[in-house]
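Student: mind looking at a prediction? Sequence and model below.
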Amino acid sequence: MSGEWRGASFVWRCWRTNQPCFFLPCHFWPRFFPVAVRLAGYRAVWLLALFPLVIFLHLSGHVTAVANGDVFTGGISWIPTLGINLSWRIDGLSLVFGLLISGIGTLIILYSGGYLKGHPALGRFLAFMFLFMGSMLGLVMADNFYALLVLWEMTSVTSFLLIGFDHTRQASRRAAIQALVVTGGGGLMRCSNDCHSGNNGRFGNVAAVGNR
């Protein structure tokens, strides 16, 4: 079974079990977006915008439960030999940011179709945008210091790609490198100590200790 189909199967299982892995679809299929744009032109954004829209609607269904104090958590085994898991958590703050990212992301995808209409690299821009959106969603829902570090650096790399999208301009290349150095270096310094926390670095465990 190919990696794409394994990813689709995993996302479907998480969806059926109400696991908050909404950032994963944004990482599995961006490689196909340039193909979609070549086939359908700028109108492909109307189909691609359904991804973040569905995420937004699904997150909206958690608003009432989270407002009543419920917290949704989940996780998968990430690096079993080191005992590291990929854990995620939806509470009030992460839900607000998740709604902002997916909602505004939907509007940006739709707007980019008209703004970059006819641009030969529209598909590449959409792929970068979805990778950035998925990294942001994973970052705000991360319940693990290791996942936070990886997703923060993924956000740094994808923002570098977006800022330097027009790589023929020197100003774009300079701004992209500056953003990568600031965000990437800052994330490494911020998380270097946190990643050594016990209990696999889960924020829920840290919060429990803090409440004692």
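Tutor: Arrived safely, thanks for sending. Numbering: from 1, shown residues only.

Student: pLDDT wise, what is the nearest residue to residue 38 once chain neighbours are set aside at?
Tutor: Counting by CB to CB, 6 or more residues apart in numbering, residue 123 is the residue found nearest to residue 38 once chain neighbours are left out, at 6.7 Å. (C-beta placed from N, C-alpha, C; glycine too.) With respect to pLDDT, residue 123 has a value of 82.

Student: give me the neighbour count for residue 87.
Tutor: Residues within reach of residue 87, counting by other CB atoms under 10 Å, total 24.

Student: after the helix or strand encompassing it, heading C-terminal, what element do we hit next?
Tutor: Here residue 87 sits within strand 84-90, counting by DSSP states H and E. Where DSSP H and E defines the elements, the next helix or strand beyond strand 84-90 is helix 92-115.

Student: so which elements touch that following helix?
Tutor: Judged by 3 or more CB pairs under 8 Å, 6 or more residues apart in numbering; DSSP states H and E, the packing partners of helix 92-115 are helix 44-48, helix 50-60, helix 63-67, helix 122-141.

Student: could you redo the last one with a cut-off of 6 Å?
Tutor: helix 44-48, helix 50-60, helix 122-141 (3 or more CB pairs under 6 Å, 6 or more residues apart in numbering; DSSP states H and E).

Student: can I get it in CSV, CA atoms only?
Tutor: What follows is helix 92-115, C-alpha atoms only, in CSV (Å, rounded to 0.1, in the frame of the first residue of the first chain):
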residue,chain,number,x,y,z
GLY,A,92,-10.2,26.3,24.5
LEU,A,93,-7.0,28.1,23.3
SER,A,94,-6.0,25.5,20.7
LEU,A,95,-9.6,25.3,19.4
VAL,A,96,-9.7,29.1,18.9
PHE,A,97,-6.4,29.0,17.0
GLY,A,98,-7.5,26.0,15.0
LEU,A,99,-10.6,27.8,13.9
LEU,A,100,-8.6,30.9,12.9
ILE,A,101,-6.1,28.9,10.9
SER,A,102,-8.6,26.7,9.0
GLY,A,103,-11.1,29.5,8.5
ILE,A,104,-8.7,32.2,7.3
GLY,A,105,-6.8,29.5,5.4
THR,A,106,-9.9,28.7,3.4
LEU,A,107,-10.3,32.3,2.5
ILE,A,108,-6.6,32.6,1.5
ILE,A,109,-6.8,29.6,-0.7
LEU,A,110,-9.9,31.0,-2.5
TYR,A,111,-8.3,34.5,-2.8
SER,A,112,-5.0,33.1,-4.2
GLY,A,113,-6.9,31.5,-7.1
GLY,A,114,-7.9,34.9,-8.4
TYR,A,115,-4.8,36.8,-7.3
